[in-house]
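**Q** Prediction below, plus the sequence it came from.
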Amino acid sequence: MSRIGKLPIEIPKGVTVTVDGNTVKVKGPRGELSRAINPQLSVEMKDDKITVNRPSDEPGHKALHGLSRTLVANMVEGVTKGFQKTLDIVGVGYRAEARPYGLQLALGYSHPIEYKAPAGIKLTAPQPTQIIVDGANKEVVGQVAAEIRSLRPPEPYKGKGIKYAGEQVRRKAGKAGSK
């Protein structure tokens, strides 16, 4: 058995889970998420616990077992606590402003960049050099953070750009002065 796949998922109070064939729907205080699980696997609910079962010990089924269990667990965690990614902006004149549609970013280009937030994602800028991406769906939060970072990724010489909080940017030495 997969060590992760065989663990049951506890359903906290205030969360409702419905399993319809291979579609799992989770509803909680932070929203509603739905996902289709691979039809080769089965999802069962018993006594406020969800278990994912696989039909055999084939390598393909083993791989899907742990993945599917983690995806469902992330849905349950997302509708209760939510997920958050923090981005830092480094550079003179680089800044972010929260707007009703998403963010307006000044990243050293000749024009400001407007980033529109997808449904279910909340973008905030508590400081001009910090962006917080918040939402219930872990995949979408990570994708939005990656898209914002790709607008101006950190460069290796001065470290200017948008980076994840805690990310280490490998720095390079500049040109050596000639004598």
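**A** That came through, no problem. Bear in mind the structure is a predicted one, so any value in this text is a computation, not a measurement. Numbers count the residues shown, from 1 in each chain.
**Q** who does the strand or helix carrying residue 115 pair up with?
**A** Assigned by DSSP states H and E, residue 115 belongs to strand 113-116. Strand pairing for strand 113-116, determined by DSSP bridges: strand 102-106 (antiparallel).
**Q** Contacts for the partner strand next, please.
**A** Strand 102-106 has contacts (CB atoms under 8 Å, 6 or more residues apart in numbering) with 89, 93-97, 112-117, 123, 125, 131, 148, 151. All C-beta spots, glycine's among them, are computed from the backbone N, C-alpha and C.
**Q** List only buried entries from the residues you listed.
**A** Buried residues within the contacts of strand 102-106, counting neighbours by 16 or more other CB atoms under 10 Å: 89, 94-96, 115, 117, 123, 125, 131, 148.
**Q** mind listing which of those are in strands?
**A** The strands, defined by DSSP state E, take in 89, 95-96, 115, 123, 125, 131 from the buried ones among the contacts of strand 102-106.
**Q** And the helices in this protein, which stretches?
**A** Shown for the chain, the helices assigned by DSSP state H span residues 59-80, 138-151.
**Q** Got the domain ranges for this structure?
**A** As given by automatic domain parsing, the domain ranges for the chain are 9-80, 83-164.
**Q** distance between the ends of the last one?
**A** End-to-end span of domain 83-164 (CA to CA, to the nearest Å): 14 Å.
**Q** What is the nearest of the buried ones among the contacts of strand 102-106 to residue 46?
**A** When these are compared for distance to residue 46 (CB to CB), residue 117 comes out closest, at 37.8 Å.
**Q** circling back to that earlier point, quick check: which of the helices of the chain is buried the most?
**A** helix 59-80 (a mean of 19; mean count of other CB atoms under 10 Å).
**Q** Other residues contacting that one?
**A** Helix 59-80 is contacted by residues 1-7, 9-12, 14-15, 17, 24, 26-33, 35, 37-38, 40-41, 43, 50, 52, 54-55, 83, 135-138 when judged by CB under 8 Å, 6+ apart.
**Q** same deal with stretch 121-136?
**A** The contact list for stretch 121-136 (CB under 8 Å, 6+ apart) reads 28, 30-31, 33, 78-79, 82-90, 94-98, 102-103, 115, 117, 120, 140-141, 144-145, 148, 162, 165.
**Q** next one: stretch 28-48
**A** For stretch 28-48, the surrounding residues in contact (CB under 8 Å, 6+ apart) are 10-12, 14-17, 19, 21-26, 50-55, 61, 64-65, 68, 71-72, 75-76, 78-82, 120, 136-137.
**Q** State the mean pLDDT of that stretch.
**A** When pLDDT is averaged over stretch 28-48, the result is 92.
**Q** residues of it that come out buried?
**A** So, applying 16+ other CB under 10 Å, buried residues of stretch 28-48: 28, 30, 33, 35, 37-38, 41-43.
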